[in-house]
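A.B. asks: make a model of this:
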Amino acid sequence: AHEADPSAFLIYNDNKVEGVGGANAKKAEGFYRLLRDLKRKGVPVHGAGIQAHFNAAGVGRHRPPTPRSVKAQIRRLGDLGLKVNISEMDVRVSKLPLHLQDVAQKQIYHDIIAAALSEPAFNGVWLWGFTDKWTWVSHFYYEDKPLIFDDNYDRKPCYYSLRSALATIAPGGQVGGGVLLDSDVDDEGKEWGWEWMQPEPQETQNCIAGDSKPDWLQTT
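C.D. replies: Numbering: from 1, shown residues only. Just a heads-up that it's a prediction; the model follows:
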């Protein structure tokens, strides 16, 4: 690609690499090391895409990363001289109890984007669709409402939380938006996402090794 167009901005993009640590630590570390080694060898790569297909009810390798962990991943990729974007964001919520679905979706959209925007290397977010009516999730996984406009193209609560996150870098905004950026636990001892995050099943708490299935087909 570089030979065909030396001016092209080349991005390496992957899923479940959004945060440092957690159940996807090995894949996130491998993503970072691959890009580090490519840069050291002078390979023309200019950006990193972290997909952000999140499942609010996920456990194991499907658990959403924390804002702190996303910020840390973006920072170290930025330290390689790369620009970083969130390239395919959507937030599945249908496996949560109904009364928690908006709570989780609002927090994930707001806090992850606010944390990302606090890093100078971060240069954009793309959503994987805009209306629940046509989401790929309902065809690939199951019925869900992962986007910021509903089936009738009306704005959902998470639309406003995402807009609030974007406003953190506007004039008069507060960078970070009051989100936990240096810890996963607040001053009251509550973990990020405590209202809606699902407990790990006992049998999977210590099971983070991969298998031969693609990551989207793995159950933990």
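A.B. asks: all helices for the chain, in order.
C.D. replies: 25-40, 67-78, 98-117, 137-140, 157-166 (DSSP state H).
A.B. asks: the second one vs helix 98-117, what angle?
C.D. replies: Read it as helix 67-78. When axes from the mean of the first three to the mean of the last three Cα atoms, to 10 degrees is applied, the directions of helix 67-78 and helix 98-117 differ by 30 degrees.
A.B. asks: which strands and helices sit next to helix 67-78?
C.D. replies: Under the contact definition 3 or more Cβ pairs under 8 Å, 6 or more residues apart in numbering; DSSP states H and E, helix 67-78 sits against helix 25-40, strand 47-50, strand 83-92, helix 98-117. Where C-beta positions appear, they are placed from N, C-alpha and C, glycine not excepted.
A.B. asks: tabulate the ones you listed (CSV), appending mean neighbour count, mean pLDDT and distance to Met197.
C.D. replies: CSV is the format used below for these (neighbours: other Cβ atoms under 10 Å; pLDDT from 0 to 100; distance: least, Cβ to Cβ, whole Å):
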stretch, mean neighbour count, mean pLDDT, distance to Met197
helix 25-40, 15, 98, 18
strand 47-50, 22, 98, 20
strand 83-92, 23, 98, 13
helix 98-117, 22, 98, 8
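A.B. asks: mind checking which of those is nearest Asp186?
C.D. replies: helix 98-117 (11.8 Å; Cβ to Cβ).
A.B. asks: tell me how far the closest one lies from the chain's centre.
C.D. replies: 10 Å (Cα atoms, centre = their mean, to the nearest Å).
A.B. asks: relative to strand 83-92, how tilted is it?
C.D. replies: Computed by the same axes, to 10 degrees, the angle between helix 98-117 and strand 83-92 is 180 degrees.
A.B. asks: hey, C-alpha coordinates of helix 98-117 in PDB?
C.D. replies: Extracted as PDB, the C-alpha positions of helix 98-117 are listed here (Å, rounded to 0.1, in the frame of the first residue of the first chain):
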ATOM      1  CA  LEU A  98     -33.800  -4.100  31.300                       C
ATOM      2  CA  HIS A  99     -33.400  -1.400  34.000                       C
ATOM      3  CA  LEU A 100     -29.600  -1.500  33.700                       C
ATOM      4  CA  GLN A 101     -29.300  -1.300  29.900                       C
ATOM      5  CA  ASP A 102     -29.400   2.500  29.500                       C
ATOM      6  CA  VAL A 103     -27.300   2.900  32.600                       C
ATOM      7  CA  ALA A 104     -24.500   0.800  31.200                       C
ATOM      8  CA  GLN A 105     -24.700   2.100  27.700                       C
ATOM      9  CA  LYS A 106     -24.600   5.700  28.800                       C
ATOM     10  CA  GLN A 107     -21.600   5.100  31.000                       C
ATOM     11  CA  ILE A 108     -19.600   3.100  28.500                       C
ATOM     12  CA  TYR A 109     -20.100   5.500  25.700                       C
ATOM     13  CA  HIS A 110     -19.300   8.500  27.900                       C
ATOM     14  CA  ASP A 111     -16.500   7.300  30.000                       C
ATOM     15  CA  ILE A 112     -14.500   5.400  27.300                       C
ATOM     16  CA  ILE A 113     -14.600   8.300  24.900                       C
ATOM     17  CA  ALA A 114     -13.900  10.900  27.600                       C
ATOM     18  CA  ALA A 115     -10.900   8.900  28.700                       C
ATOM     19  CA  ALA A 116      -9.700   8.400  25.100                       C
ATOM     20  CA  LEU A 117     -10.000  12.100  24.400                       C
END
